[in-house]
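In: Got a predicted structure plus its sequence, pasted below:
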Amino acid sequence: MNDKNTKSDLEGLGLKTLGIIPARYASTRFPAKPLVDIAGKTMIQRVYEQAKKCDLDEVVVATDDVRISTVIEAFGGKVIMTSTEHQSGTDRCAEVAKKLTGYDVIINIQGDEPFIDPTQIALVRSCFTDKNIQLATLIKEIHTDEELFNPNIPKVVINSNQQAIYFSRQPIPYIRNAEKKEDWATSHQFYKHIGIYGYTTATLLAITQLKPSSLELAESLEQLRWLENGYQIQTKVTGIETIAIDTPEDLQKIVF
């Protein structure tokens, strides 16, 4: 994909794009995670620098902690202080969208993926060249049982237009005629969800006013709230594997 062309296409539609990186200090599994040192740079700096390579109209970090804010300002990044009461990165992005007006598309970039590929950010952004798109995200093919049956990896079913039908922590669909579960991954093309979102600003502000839904509470997946309330989520397939740092042990996955 030619990222410059994608940006030009959006500019041709009169659309400005803001990249927001939510970063909170008090992570249950990994406190102070955004500030962990990775080969001489904090994780949040690495995410910020990768996002800046995508040539978005603006990139900001949204945080609730002055320690994170201080680090970002020290390396020359842009930061917006947000409430400590937010339950999700989506809610934090909505607060920033209210403070930084004039942007039509918001890209929610995960703050715990220090090596996110800028082309993935551009791929999400490219969805909004279609003015009918409300929400967008990425998916990736699953080829191993380890991923397929891992409840920490959300799976997604899509329709013929690559719109998400449902997300689940369980493998979906159920492969009824397979003799054993080891055959599932080769019997059907499963997809996992890659946690980067794009929203029109209007949609972002609307979905954060919705109450948690029954499906969301059942699976602990906020995107089910949007589907349950009739929003469409456009997906695009990426072949790039991301490395998310959820626990201190995950740092061992990093190879330079």
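Out: It's in.
In: Okay, now the sheet partners of whichever strand or helix holds residue 59, with direction.
Out: Assigning secondary structure by DSSP states H and E places residue 59 in strand 58-63. Strand pairing for strand 58-63, using DSSP bridges, gives strand 17-23 (parallel), strand 79-81 (parallel).
In: after that strand comes which helix or strand?
Out: Heading C-terminal from strand 58-63, the first helix or strand you meet, by DSSP H and E, is helix 66-74.
In: what's that following helix in contact with?
Out: Under the criterion CB atoms under 8 Å, 6 or more residues apart in numbering, residues 23, 25, 32, 34-35, 42, 44-45, 48, 61, 63, 78-79, 81 lie in contact with helix 66-74. All C-beta atoms are positioned from the backbone trio N, CA, C, and that covers glycine.
In: one more time with 6 Å, if that's ok
Out: Helix 66-74 has contacts (CB atoms under 6 Å, 6 or more residues apart in numbering) with 23, 25, 34, 42, 61, 63, 79.
In: Take these and lay them out in TSV including neighbour count, distance to residue 9 and pLDDT.
Out: As requested, these are arranged in TSV below (neighbours: other CB atoms under 10 Å; distance: CB to CB, whole Å; pLDDT from 0 to 100):
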residue	neighbour count	distance to residue 9	pLDDT
23	30	30	94
25	16	37	89
34	27	32	93
42	22	34	96
61	29	27	98
63	26	31	96
79	20	29	98
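In: mind listing what the most centrally placed residue in the chain touches?
Out: The residue lying closest to the centre of the chain (CA atoms, centre = their mean) is residue 196, at 1.7 Å. Neighbouring residues of residue 196 by CB under 6 Å, 6+ apart: 124, 138.
In: tell me the SS of it?
Out: strand (DSSP: H, G, I helix; E, B strand; the rest coil).
In: Which pLDDT value goes with it?
Out: If you check residue 196, the pLDDT there is 96.
In: For the residue of the chain most remote from its centre, give its distance to residue 185.
Out: The outermost residue of the chain relative to its centre, with distances by CA atoms, centre = their mean, is residue 179 at 35.3 Å. Distance from residue 179 to residue 185, counting by CB to CB, to the nearest Å: 14 Å.
In: on that earlier part again, taking the strands paired with strand 58-63 together, which one is wrapped up most tightly?
Out: Comparing the strands paired with strand 58-63 by mean neighbour count (mean count of other CB atoms under 10 Å), strand 17-23 ranks first with a mean of 27.
In: Report the angle between it and helix 66-74.
Out: Counting by axes from the mean of the first three to the mean of the last three CA atoms, to 10 degrees, strand 17-23 points 140 degrees away from the direction of helix 66-74.
In: Now find how far off-centre strand 17-23 is within its chain.
Out: Put simply, strand 17-23 sits 10 Å off its chain's centre (CA atoms, centre = their mean, to the nearest Å).
In: now stretch 214-233
Out: Distance, stretch centre to chain centre, for stretch 214-233: 15 Å (CA atoms, centre = their mean).
In: okay, the closest residue to residue 64 other than its chain neighbours: pLDDT?
Out: Counting by CB to CB, 6 or more residues apart in numbering, residue 64 lies nearest to residue 84, which is 4.4 Å off, once chain neighbours are set aside. We have a pLDDT of 92 for residue 84.
In: swap in the one 4 residues further on?
Out: Residue 88 is assigned 93 on the pLDDT scale.
In: Just give me the neighbour total for it.
Out: Applying other CB atoms under 10 Å, we find 13 other residues in the vicinity of residue 88.
In: ditto for residue 78
Out: Look at residue 78: counted by other CB under 10 Å, it has 13 neighbours.
In: State whether it and residue 60 are indeed in contact, as I suppose.
Out: Yes - between residue 78 and residue 60 there is a contact at 4.6 Å, judged by CB atoms under 6 Å.
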